[in-house]
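1. sharing a model that was predicted from the sequence below.
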Amino acid sequence: MGFAAAGGGVCGDKGKKLKHHPAIKQILEGGTVIQYGARTLNEGGFQSIPYPVFPGGAIIGCSASFLNVPKIKGTHTAMKSGMLAAEAAFGAVHEGLNMETYLDNLKNSWVWEELRRARNYRPLYTKRKSPFTLKHGMPDHEATDVARLHSPIQYPKPDGVLSFDVPTSLHRYVSDNENRLKLQINAVNWLHCKACDIKDPKQNIEWTVPEGGGGPGYSVM
């Protein structure tokens, strides 16, 4: 059995604790790590949805902040928004319509209503309902505080069986033609979690997609 180790930084540490939970540990024991990856979640939710239409295209899925934060789930909304965008594009090409129909159909879909209902989860960080739409108040980089003002979180050290440190995870070995282990480095498969750009207090990091469109070549994640 193989399993993929997801997560980096703080989220990775929380993931390590989860893997050692009795209910999860019994599933992973005896397995082998085959891939590792990380990603920053777009948790802005309903209040952070950008205008999703631009000349020649549309923004869909997690790029448009369609993640349902309480469920930590966005595959379903990403798929549905992609379907709505495709329908709008078809209409624009074959029926003389424009991509504005994507936004209109999105607002009339269950995606919009689901995200609207969960809109206050992140600002409140609770499941309480509110008749009002709360604002986030400030972007992430302005909410970043200096480390000396806070007590560090003590996470257990990785055991090398169920949990691993980042250097180990980033240097997974593969076999050569003679079935001997070798170090395989693919620059394009580096972890592009974008956290450096999002959390940088000075906002002097300009993150761009490598090679004009490349990214992690995950095959099982």
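-> That came through, no problem.

2. show the pLDDT at the spatially most central residue of the chain.
-> Centroid-nearest residue in the chain, with Cα atoms, centre = their mean: residue 41, separated by 3.4 Å. On pLDDT, residue 41 comes in at 77.

3. that one: what's it in contact with?
-> 62, 67, 72 (Cβ atoms under 8 Å, 6 or more residues apart in numbering). Heads up, the C-betas are built off the backbone N, CA and C, glycines and all.

4. output the below-cut-off pLDDT ranges for this structure.
-> 1-14, 38-39, 124-132, 134, 170-172, 174, 181-193, 209-221 (pLDDT under 70).

5. residue most distant from the centroid, the protein?
-> Largest centre distance within the chain, by Cα atoms, centre = their mean: residue 178, 36.9 Å.

6. ok so, going back, please report which of the contacts of residue 41 has the highest neighbour count.
-> When neighbours are counted by other Cβ atoms under 10 Å, residue 67 leads those with 24 neighbours.

7. which ones are touching that residue?
-> Residue 67 neighbours (Cβ under 8 Å, 6+ apart): 41-43, 45, 73-74, 77.

8. would you turn those into TSV with distance to residue 19 and secondary structure?
-> As requested, the contacts of residue 67 are exported to TSV (distance: Cβ to Cβ, whole Å; DSSP: H, G, I helix; E, B strand; the rest coil):
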residue	distance to residue 19	secondary structure
41	19	coil
42	24	coil
43	22	coil
45	27	helix
73	20	strand
74	22	coil
77	27	helix
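
9. which of these ranks first by neighbour count?
-> Result: residue 77 is most packed of the contacts of residue 67 (other Cβ under 10 Å), 25 neighbours.

10. just give me the neighbour total for the spatially closest residue to that one that is not a sequence neighbour.
-> Setting aside the residues directly before and after it, residue 77 is nearest to residue 66 in space (Cβ to Cβ, 6 or more residues apart in numbering), at 4.1 Å. Using other Cβ under 10 Å, residue 66 is surrounded by 28 other residues.

11. go on, residue 91?
-> Count around residue 91 with other Cβ under 10 Å applied: 16.

12. how about it, what does it touch?
-> With Cβ under 8 Å, 6+ apart, residue 91 has these contacts: 97, 101.
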